[in-house]
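# predicted coordinates and the sequence they were generated for:
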Amino acid sequence: MSGIPCMLMRGGTSKGPFFLASDLPSDSEARNQAILTIMGSPDARQIDGMGGSHPLTSKVAIISPSNRDGFDVDYLFLQVTPETGAISDSQNCGNMLAAVGPFSIERGLVKAVSDETAVRVFMVNSDSRADLIVQTPNGNVTYDGDTRIDGVPGTHAPILQNYYGTAGAQCGALLPTGRQIDVIDDVECTLVDNGMPTVLMRAGDLDLTGYETPEALEANENLKLRLESIRLTAGKLMKLGNVKDMTIPKMCLIAPPRNGGIISTRTFIPHRVHQTVGVLAAASDAAGCMFPGGVAASMAEFDEMNPCRVDIEHPTGALTVELEWEGETIIRTALLRTARKIMDGMVFL
Ligand code: NQM
């Protein structure tokens, strides 16, 4: 039996197999069936496949040369839910995106030009653009460097991400309902989409501190039921339709910052709790916190000298996001990630 070429990569705080689209079946049903076999789903332990038994390690990236003007590659992200085997393309993933740069160079889709190489990515899931700067000393990708990101041990080469067109990418507007606050099931929420549809809620309004561990939050069955009810209504208000089987919107509990950031977060993605925070989720959190009439207004703390460069605190540190506003909307979101090639070889069905 012949295998399928596959590179296992860590992108930011996520991990998963990367494929060239041309190495997978072109029919999407056959492709999804192959992906389930490769990941080992449906099965919570994903014991018979490459999946890591958690949404953050049950992710797949599919890359192809881009036919679009001004882009090098197209990036399709698929989220596999380990236990159910649901495969969703409704969300994007900014963590996996970090590894799209080095993968595209390693597979020869983009030629390394100098010590740094730009990779212009069309993000299929959100119909938007990201430019990545990859370290390529002497024309070769390096993963070694001094950059540390919270949630990943050690240091690695930096990958700069610049996102364009994320405001309203999935919901049509940065504030999909046109309001800074919506009340759902008696809980005040700010519904925001700066690349990841997100529902911001004050942890205190749900009788929490907002500093609980992901494990404690996941063990709170009553909370999970309340959040799912809010999420289903929010999905409709955010023009996403019935989100029952979708991994968006993300549910973010906020609390006052404790370590110099603008806000502290705990994010349900949407049923497990993130050990850190998603990249585009952080971009959405940052944007949502800046609305003077939003749920974060009473607790967000900004650096007056640099109000658009903010740290989003999460369970294991913080993620720095820079937002460039033009009037009422955001035209560029920037942040730093790292990535690593873990394995390159063949995967068997
Ligand atoms: O928000 C997890 C992750 C993500 C998504 C999730 C992500 C993003 O951390 O851009 O990166 O929210 O499902 O990989």
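Done, it's in.

# for Asp285, give me phi and psi.
Dihedral pair for Asp285: phi -60, psi -50, per degrees, to the nearest 10.

# let me see the mean pLDDT of whichever strand or helix holds Ser284.
Assigned by DSSP states H and E, Ser284 belongs to helix 279-289. Regarding helix 279-289, the rounded mean pLDDT is 97.

# same question for stretch 247-264.
97.

# which parts of the stretch 201-349 of the chain are strands?
Using DSSP state E, counting those that start in this stretch, the strands of the stretch 201-349 of the chain run over residues 250-255, 263-268, 309-314, 317-326, 329-337, 339-347.

# which stretch among those strands approaches the ligand most closely?
strand 250-255 (5.3 Å; Cβ to the nearest ligand atom). (Glycine included, C-beta is placed from N, CA and C.)

# can you list contacts of the closest one?
196-204, 206, 208-211, 217, 227, 230-231, 263-270, 278, 281, 284-285, 289, 295-296, 299 (Cβ atoms under 8 Å, 6 or more residues apart in numbering).

# filter those down to the buried ones.
For the contacts of strand 250-255, a neighbour count by 16 or more other Cβ atoms under 10 Å gives the buried set as 196-203, 206, 208, 210, 217, 227, 230-231, 263-270, 278, 281, 284-285, 289, 295-296, 299.

# is the ligand within reach of the helix holding Ser284?
Yes - counting by Cβ under 6 Å from any ligand atom, the ligand has neighbours in helix 279-289: 279-281.

# tabulate the residues you listed (JSON lines), appending distance to Ile181.
Formatted as JSON lines, these follow (distance: Cβ to Cβ, whole Å):
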{"residue": "Val279", "distance to Ile181": "25"}
{"residue": "Leu280", "distance to Ile181": "22"}
{"residue": "Ala281", "distance to Ile181": "19"}
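
# pretty sure Pro5 sits against Met346.
Yes - with contact defined as Cβ atoms under 8 Å, Pro5 counts as touching Met346 (6.2 Å).

# for Leu56, see how far away the residue in the chain that the ligand sits nearest to is.
Among all residues of the chain, Gly278 sits closest to the ligand, at 2.2 Å; criterion: Cβ to the nearest ligand atom. Separation of Gly278 from Leu56 (Cβ to Cβ, to the nearest Å): 9 Å.

# repeat for Asp89
Taking Cβ to Cβ as the measure, Asp89 falls 17 Å from Leu56.

# disregarding residues adjacent in the polypeptide, which is nearest to Leu349?
The shortest distance from Leu349 to any non-neighbouring residue, by Cβ to Cβ, 6 or more residues apart in numbering, is to Thr37 (5.0 Å).

# and the pLDDT for the one you found?
pLDDT, Thr37: 98.

# which one of Pro5 and Met346 has more residues nearby?
Pro5 (15 against 11; other Cβ atoms under 10 Å).

# tell me the domain ranges of the chain?
3-166+337-348, 182-321 (automatic domain parsing).

# next, format these as TSV and append distance to Ile331.
Converted to TSV, the domains of the chain look like this (distance: least, Cβ to Cβ, whole Å):
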stretch	distance to Ile331
domain 3-166+337-348	7
domain 182-321	11
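
# ok, for the residue nearest to the spatial centre of the chain, nearest residue in space, not its chain neighbours?
Residue closest to the mean C-alpha point of the chain, counted by Cα atoms, centre = their mean, is Cys93 at 3.4 Å. Excluding its sequence neighbours, the residue lying closest to Cys93 (Cβ to Cβ, 6+ apart) is Phe77, at 4.6 Å.

# do the same with Ser229
Asp185 (5.6 Å).
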